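*Asks:* make a model of this:
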Amino acid sequence: MTVQTGIGKKVVYKKELVAWGTKAVAAGGRYLRRVTSDLDLSKDTYASNEIVSTYQVSDFRHGARKVAGGIKGELSPGSYWELMQSAVRGTGAANADKTGLSIAMGAVALVNGIPTHTLTRTVSTWFADGFRVGQVIKITAGLVNAANANKHLLILSFTSTLIMVVTPLNGVACASEGPTASTVNTPGKYVITPATGQTNESYSIEHVYADITQSEVFTGCRVASMAINLPPSGMSTCEIGFMGKDVEVGTTAYFSSLVGPSTKGVVAAVNGIVSVAGSPIGILTGLSINLAGGMTVGQVVGSNFTPDVFAGRVNVTGQFTAYFDGVTQRDAFLNETEISIVAGFSTGSLAASDFISFCMPRVKIGGAQKSDGEQGLILTCPFQALYNPTSVNTSGLEATTLQIQDSNDTMA
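*Replies:* As a prediction, this is how the structure comes out:
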């Protein structure tokens, strides 16, 4: 007897374009990298309460069908980009190269041991050209020093419409020079939770059991949640939760002409930067970001299927932990001060390694508990991200709750 193995199982998905719950066209499904996928069908069940002379249960029925579960993986550029867009209910956009910008790279300034620099323009504004706090950029032409060219720079803040503060994702300082006519590129695409025109996309997701020649295609799967975990040591992880309509079974794989998964490396917190209120933190010990979409299903008379998976609010929460080395984070909690949180992580230590970045423009800390013992004391700060109602201005923060950038939006 052949028993299906986990390593022999494949997960393939594709966006449903015709209508919710209508199986996606077979050609062009995408393999999805994973650690586990526990997506499955469940049903409501009902046992009869009828009193009968046999003193036993006389009937048992199946009711409404629904799909639920999650796909866990290690966070890698490109792998979950399409699903992340659905989680925040936005559409990714590219920021076109800006050429001929007169830019000077400022001298290094260490903030909590992390190198930062200013990029100063002489005319126009960074905001008008589409640059935002939390984005990663690179200078592809103009500045000639090898320490500056094509290096990924995380935008931490804007001190004016002409001056942005950046830090190299690989932690290696740049060299001061300029001003020089330069080209600035924003790799990949970025997406936000929009204030209007939110998307409500669904997917068909197939589990292919090659060892036993079986297939299960789950339909109407909407992204219900997303959890990002960035530990101080080890691989960063991503879990996408789904709610859906039904499953179709077969003896052959449904999706064909498959597109391979992203081949990029996995990001790790050791290769990255976290900034709170515009200043990088050099003593962070962990960061988690959790998005809940408030998804619900319904029940109707005469059908065992939910009429839809209904979207609720996008609620982003999380927690960061850091060594207790001062009062900044503690006082933000005590004084109910609103802060921003920016995080950028790359797949390696090279200047232009692939990356994923996150920005929450408006955050309130909900606690500041401190550990104790014969160790460096750890401050634990849970937080709630809020919609930032201020349009882009001199602060450079988007009008959103969550912004994500992926350098490998093509998933190659």
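*Asks:* okay, now the sheet partners of the host helix or strand of Cys238, with direction.
*Replies:* Following DSSP states H and E, one finds Cys238 within strand 237-244. Strand 237-244 sits in its sheet next to strand 60-74 (antiparallel), strand 214-230 (antiparallel), going by DSSP bridges.
*Asks:* okay, those strands, which one's buried deepest?
*Replies:* strand 214-230 (a mean of 23; mean count of other C-beta atoms under 10 Å). (Glycine included, C-beta is placed from N, CA and C.)
*Asks:* got the CA coordinates for that one in PDB?
*Replies:* Extracted C-alpha coordinates of strand 214-230, given in PDB (Å, rounded to 0.1, in the frame of the first residue of the first chain):
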ATOM      1  CA  GLN A 214      -5.000  12.300  -6.100                       C
ATOM      2  CA  SER A 215      -5.800  16.000  -6.300                       C
ATOM      3  CA  GLU A 216      -7.900  18.400  -4.200                       C
ATOM      4  CA  VAL A 217      -8.700  21.800  -5.600                       C
ATOM      5  CA  PHE A 218     -10.100  24.200  -3.000                       C
ATOM      6  CA  THR A 219     -12.200  27.000  -4.500                       C
ATOM      7  CA  GLY A 220     -13.200  30.500  -3.400                       C
ATOM      8  CA  CYS A 221     -10.200  30.900  -1.100                       C
ATOM      9  CA  ARG A 222      -9.900  34.500   0.200                       C
ATOM     10  CA  VAL A 223      -6.900  35.600   2.200                       C
ATOM     11  CA  ALA A 224      -8.200  35.900   5.800                       C
ATOM     12  CA  SER A 225      -5.000  36.600   7.700                       C
ATOM     13  CA  MET A 226      -1.300  37.100   7.400                       C
ATOM     14  CA  ALA A 227       1.400  36.600  10.100                       C
ATOM     15  CA  ILE A 228       5.000  37.700   9.700                       C
ATOM     16  CA  ASN A 229       7.500  36.600  12.300                       C
ATOM     17  CA  LEU A 230      11.100  37.900  12.300                       C
END
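*Asks:* gap between it and the chain center?
*Replies:* When C-alpha coordinates are averaged (C-alpha atoms, centre = their mean, to the nearest Å), strand 214-230 and its chain have centres 14 Å apart.
*Asks:* stretch 388-403 too?
*Replies:* Counting by C-alpha atoms, centre = their mean, stretch 388-403 comes out at 18 Å from the chain centroid.
*Asks:* what's the span of it, first residue to last?
*Replies:* 11 Å (C-alpha to C-alpha, to the nearest Å).
*Asks:* I figured Phe310 hits Gly293, correct?
*Replies:* No. Phe310 lies out of contact with Gly293 (C-beta atoms under 8 Å); the separation is 10.0 Å.
*Asks:* more neighbours, these two?
*Replies:* Between Phe310 and Gly293, Gly293 has the larger neighbour count (other C-beta atoms under 10 Å), namely 23 against 14.
*Asks:* ok, now which ones touch the closest residue to that one other than its chain neighbours?
*Replies:* The shortest distance from Gly293 to any residue other than its chain neighbours is 5.0 Å, reached at Ala224 (C-beta to C-beta, 6 or more residues apart in numbering). With contacts defined as C-beta atoms under 8 Å, 6 or more residues apart in numbering, the neighbours of Ala224 are 68, 241-243, 292-293, 295, 309.
*Asks:* strands along the stretch 1-150 of the chain, start to end?
*Replies:* Using DSSP state E, counting those that start in this stretch, the strands assigned to the stretch 1-150 of the chain run over residues 9-15, 30-31, 36-37, 40-47, 60-74, 98-105, 109-111, 114-121, 136-141.
*Asks:* now render these as TSV, adding distance to Glu177 and mean pLDDT.
*Replies:* Shown next, in TSV, are the strands of the stretch 1-150 of the chain (distance: least, C-beta to C-beta, whole Å; pLDDT from 0 to 100):
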stretch	distance to Glu177	mean pLDDT
strand 9-15	45	97
strand 30-31	43	96
strand 36-37	49	97
strand 40-47	57	95
strand 60-74	38	95
strand 98-105	5	92
strand 109-111	16	92
strand 114-121	11	94
strand 136-141	10	93
